[in-house]
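Visitor: Sequence first, then the predicted structure, then my questions.
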Amino acid sequence: VVAVHDGDTISIRTSTSTVRVRLVGIDCPAGGQPYSARARLYTSSLVFRKVVTVESRGVDRYDRVLGRVLVD
């Protein structure tokens, strides 16, 4: 994981590209809303700079992969 954009969106680096992933089943406050910074920090503490596995569930209207993210 190379970036945590908010509590429910991250970026991962694959061998060929960087992909935005929207975490399935998670809905966090957007930037500027109450607790948005806390949600981002929490997600970051779980996944930032870690190797993850993404189980894809499709793509959303913003071209983000919808996925279940597993951390070893």
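Guide: On my side now, so go ahead.
Visitor: what does stretch 16-25 contact?
Guide: Residues outside stretch 16-25 that contact it (C-beta atoms under 8 Å, 6 or more residues apart in numbering): 2, 5, 8-13, 43, 54, 57, 60, 62-69. (C-beta placed from N, C-alpha, C; glycine too.)
Visitor: distance of the spatially most central residue of the chain from Arg61?
Guide: Within the chain, the residue whose C-alpha comes closest to the C-alpha centroid is Ile10; the distance, by C-alpha atoms, centre = their mean, is 2.7 Å. Counting by C-beta to C-beta, to the nearest Å, the gap between Ile10 and Arg61 amounts to 18 Å.
Visitor: Tell me where this structure has strands.
Guide: Counting by DSSP state E, residue ranges of the strands within the chain are 3-6, 9-13, 18-23, 52-59, 65-71.
Visitor: what stretches of this protein score poorly on pLDDT?
Guide: Along the chain, segments meeting pLDDT under 70 are nowhere present.
Visitor: Specify the residue positioned farthest from the middle of this protein.
Guide: Relative to the average C-alpha location in the chain, and by C-alpha atoms, centre = their mean, no residue lies farther out than Pro34, which sits at 19.1 Å.
Visitor: Quick check: the gap between that one and Cys28.
Guide: As for Pro34, its distance to Cys28 is 11 Å (criterion: C-beta to C-beta).
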